[in-house]
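Student: Pasting a predicted model and its sequence here:
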Amino acid sequence: MKINSQRLSKLFTDLVKIDSPSGEETRVIKYIKKYLRTLNVPAKQDSRGNLYARIPGKTGEAPLVLCAHLDTVEPGRGIVPVFKKGVFTSRGATILGADDKSGVAEILELLTTIKDGFVNERSIEILFTVDEERGATGARAVRPEWLKGREMLILDAGESGKITTAAPFIFEYEVELTGRAAHSGAEPEKGRNALLVAARAIADIPVGRIDDRSTANVGFLASGQAINAVPASATFKGEIRSHERSRADKIFAQTKAAVESAAKPLGVRASIHRELWCEGYCYSHTDPHIKKAVKLMKLVGIRPRLKVSGGASDANTLVGKDFRPLDIGAGYKNPHMTTETVKLKDMVRVVELLQRYVND
């Protein structure tokens, strides 16, 4: 069925005009629930605010789950979308919000075509998540038992045609150092400088691009209250990303060794805590999930591009909940920037792709 591009354009415009920075998605959820009611599609929310819906199909095949997130980054308040020569931009002082409201609009337009007469052979389940941009906390609260399908498309990979084949395991760590305070002028020898240990440790731990599939970073350091006092405590935090969990473990071991090596000579106690922030995943190019996406994209005129990601999305979290998520491009470019754009024709093609998916 031909996509109503004017309707899709209006739907997208309406969505981006609704402020929904992470943690403040209530208004956009209210809009979507009202829209779904016009389509006679019931929806429900979990305790975190994630929105679920289901549209039955003609076959007994397990449903295809379509997912997009509702929140946006800052500056994302008072967005004024501009449409010129087929391209959406913001007026310039804010992001556009196409990450990820283009994906939301595309899914809603698919459902609207069903009301207009398009027949979906396969059942469809919808998952709109909250708070993706602040660590996928919405996805962490998803109730898998509320969804029957396990094959999932997430419309959040950016440019049209992008297919994310792999994303890294991400570990966060925190180092707490405890020394002894002293006056730096009167009796510095009685002090045990925790900040000095932190500085020496950070200088020695692996940071930056470690190899072609691993990175590490230190992004937070806190210590001291006065320049004439030996700091008794220091805390720093970092992350390790790798497409191989064993490689991430080795980098953390090097990090821990650097901290302990810096702390011991100065008599400073070190406590190191590590937490898995999200799972990694990897699809081979011959995986049926990938092959289907490539085939169907070509049928609707989208050029597929297989990409390995160094970042994370809801897919990283949902793969740990027994889903098989595939993150594909919703069409937008320059996410998180005031130069963010999306072409209407690319959004139309994504809706056509979704139509192919539910009837393949």
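Tutor: Noted; the coordinates are in hand.
Student: who's in contact with the closest residue to residue 59 other than its chain neighbours?
Tutor: Nearest residue to residue 59 in three dimensions, chain neighbours excluded: residue 121, at 5.3 Å (Cβ to Cβ, 6 or more residues apart in numbering). (C-beta placed from N, C-alpha, C; glycine too.) Residues near residue 121 by Cβ atoms under 8 Å, 6 or more residues apart in numbering: 57-59, 61, 358-359.
Student: Likewise for residue 201?
Tutor: If you count contacts by Cβ under 8 Å, 6+ apart, residue 201 has them with 175, 236, 258-259, 261-263.
Student: Over to residue 227?
Tutor: Taking Cβ under 8 Å, 6+ apart, one finds residue 184 in contact with residue 227.
Student: And for residue 45?
Tutor: 29, 51-52.
Student: 7 Å instead?
Tutor: residue 51 (Cβ atoms under 7 Å, 6 or more residues apart in numbering).
Student: Next one: it from residue 100, what distance?
Tutor: To residue 100, residue 45 is 18 Å away according to Cβ to Cβ, to the nearest Å.
Student: And residue 212, by the same measure?
Tutor: 28 Å.
Student: pretty sure residue 245 contacts residue 169?
Tutor: Yes - the pair residue 245 / residue 169 is scored as a contact, 5.1 Å apart, by Cβ atoms under 7 Å.
Student: what is in contact with those two at once?
Tutor: Joint contacts of residue 245 and residue 169 (Cβ under 7 Å, 6+ apart) are residue 280.
Student: Settle it for me: which of these two has more neighbours?
Tutor: Higher neighbour count among residue 245 and residue 169: residue 169, with 23 against 14, using other Cβ atoms under 10 Å.
Student: can you pull the pLDDT of the nearest residue to the more buried one once chain neighbours are set aside?
Tutor: The shortest distance from residue 169 to any non-neighbouring residue, by Cβ to Cβ, 6+ apart, is to residue 280 (3.7 Å). Model confidence at residue 280, expressed as pLDDT, equals 95.
Student: residues touching residue 280, list them.
Tutor: 167-169, 243, 245, 316.
Student: quick revisit: looking at residue 212 and residue 100, which one has more neighbours?
Tutor: residue 100 (30 against 7).
Student: where's the nearest residue to residue 178 once chain neighbours are set aside relative to residue 15, distance?
Tutor: Leaving aside its chain neighbours, residue 178 sits nearest to residue 269 (4.5 Å; criterion: Cβ to Cβ, 6+ apart). Using Cβ to Cβ, we find residue 269 at a distance of 51 Å from residue 15.
Student: show me the contacts for residue 177.
Tutor: Contacts of residue 177 by Cβ under 7 Å, 6+ apart are 194, 197-198, 233-234, 263, 268, 270.
Student: before we move on, back to that, report the buried members of the contacts of residue 201.
Tutor: 175, 236, 258-259, 262-263 (16 or more other Cβ atoms under 10 Å).
Student: any idea which of those is the one closest to residue 353?
Tutor: Within these, proximity to residue 353 (Cβ to Cβ) peaks at residue 236, which comes in at 44.5 Å.
Student: Need the three-state assignment for the closest residue to the closest one other than its chain neighbours.
Tutor: Excluding its sequence neighbours, the residue lying closest to residue 236 (Cβ to Cβ, 6+ apart) is residue 221, at 4.4 Å. With DSSP: H, G, I helix; E, B strand; the rest coil as the basis, the three-state label of residue 221 is strand.
Student: burial measure for residue 221, as a count.
Tutor: Residue 221: 15 surrounding residues under other Cβ under 10 Å.
Student: looking at it, it is touching residue 238, isn't it?
Tutor: No - Residue 221 lies out of contact with residue 238 (Cβ under 7 Å); the separation is 9.6 Å.
Student: Quick check: phi and psi on residue 165?
Tutor: In terms of degrees, to the nearest 10, the main-chain angles of residue 165 are phi -90, psi -20.
Student: distance of it from residue 357?
Tutor: Counting by Cβ to Cβ, the gap from residue 165 to residue 357 is 18 Å.
Student: next one: residue 245
Tutor: In terms of Cβ to Cβ, residue 245 sits 31 Å off from residue 357.
Student: Same check on residue 41?
Tutor: Here residue 41 is placed at a distance of 18 Å from residue 357 (Cβ to Cβ).
Student: Just give the nearest non-adjacent residue to residue 170, would you?
Tutor: Residue 170 sits nearest to residue 277 (Cβ to Cβ, 6+ apart), 4.4 Å away.
Student: list the contacts for that neighbour?
Tutor: 170-172.
Student: Do a quick rundown of the helices in the stretch 51-200 of the chain.
Tutor: Using DSSP state H, counting those that start in this stretch, the helices of the stretch 51-200 of the chain run over residues 98-115, 137-140, 194-204.
Student: May I see those arranged in JSON lines, with mean pLDDT as well?
Tutor: What follows is those, written out as JSON lines (pLDDT from 0 to 100):
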{"stretch": "helix 98-115", "mean pLDDT": "98"}
{"stretch": "helix 137-140", "mean pLDDT": "96"}
{"stretch": "helix 194-204", "mean pLDDT": "98"}
